[in-house]
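**Q** Any chance you can model this:
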Amino acid sequence: MTYTTEDLIRFLEMELQATWSGKRLIFNGEEKLDNPIVAKAVDTNKISRVFAFRDFQQQIHEYQKKHGVSGIVWRTINFKGRSFRFPEVHNQLIPIEGDKEILMQAKDSVLAFWQEVTQGYKYYLSEERSSPLSHDKIEELYQKAEWAELDAGREEIYLGLCWGNPQEYIYKWAFPESGCHRLIATENTPSSINI
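**A** Predicted structure coming up:
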């Protein structure tokens, strides 16, 4: 029997709890840092916990690849009294072959929900909040994106317009091959929350 995505998430949560409660340690944690000065400056007990969990997580990722276990989970957000369910890669798993296609297939429905709940709102890029985006610029960003993701606050809703490798798109070093433009929709001006 192959473990499911939900099983792997549960295993990761149990391992993380065990690691942080001190039940998992690596005795050569300072050697794994590959920097003797830093190793002496930080708590070796904490270092060993970090590496113990990271090693376990790597085993889970190898299992995913070997057995074709998706890293996709279905997330539900609520905004303005409406709920919406969409796929995203779980933050502790990796995407496997075929996961990007699932994300891409959901793009149109994510954008449709976003457009429906943000009618009459102003749109801003998260990194440039001084002036609202033009309709043409928003359309350009929609077209460039391969998939889209959402998050919601009380007064704002956030859209990620993403492309490239679903395992790397969140890292600045992956740009421009992979990345994500983050948009904020709000009735007034964006809050100072970083997304």
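**Q** Can you give me the domain assignment for this protein?
**A** 5-67, 72-186 (automatic domain parsing).
**Q** Return the most buried member of those domains.
**A** Mean neighbour count (mean count of other C-beta atoms under 10 Å) peaks for domain 72-186 among those, with a mean of 16. Bear in mind the C-beta positions are built from the backbone N, C-alpha and C, glycine included.
**Q** how about JSON lines for the domains of the chain, with mean pLDDT added?
**A** Below are the domains of the chain laid out as JSON lines (pLDDT from 0 to 100):
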{"stretch": "domain 5-67", "mean pLDDT": "76"}
{"stretch": "domain 72-186", "mean pLDDT": "95"}
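**Q** Which residue ranges of this structure form helices?
**A** 5-20, 29-32, 36-41, 44-67, 99-105, 107-117, 135-144 (DSSP state H).
**Q** what's the closest of those to residue 169?
**A** helix 99-105 (10.0 Å; C-beta to C-beta).
**Q** Restricting to C-alpha, output that closest one in CSV.
**A** In CSV, the C-alpha atoms belonging to helix 99-105 read as follows (Å, rounded to 0.1, in the frame of the first residue of the first chain):
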residue,chain,number,x,y,z
ASP,A,99,1.3,18.6,-10.1
LYS,A,100,2.1,21.7,-12.1
GLU,A,101,-0.6,20.7,-14.6
ILE,A,102,-3.2,20.5,-11.7
LEU,A,103,-2.2,24.0,-10.7
MET,A,104,-2.4,25.2,-14.3
GLN,A,105,-5.9,23.7,-14.8
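**Q** who's in contact with residue 127?
**A** residue 182 (C-beta atoms under 8 Å, 6 or more residues apart in numbering).
**Q** could you dump the helices of the chain to JSON lines with distance to residue 187?
**A** JSON lines is the format used below for these (distance: least, C-beta to C-beta, whole Å):
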{"stretch": "helix 5-20", "distance to residue 187": "36"}
{"stretch": "helix 29-32", "distance to residue 187": "49"}
{"stretch": "helix 36-41", "distance to residue 187": "47"}
{"stretch": "helix 44-67", "distance to residue 187": "40"}
{"stretch": "helix 99-105", "distance to residue 187": "29"}
{"stretch": "helix 107-117", "distance to residue 187": "12"}
{"stretch": "helix 135-144", "distance to residue 187": "16"}
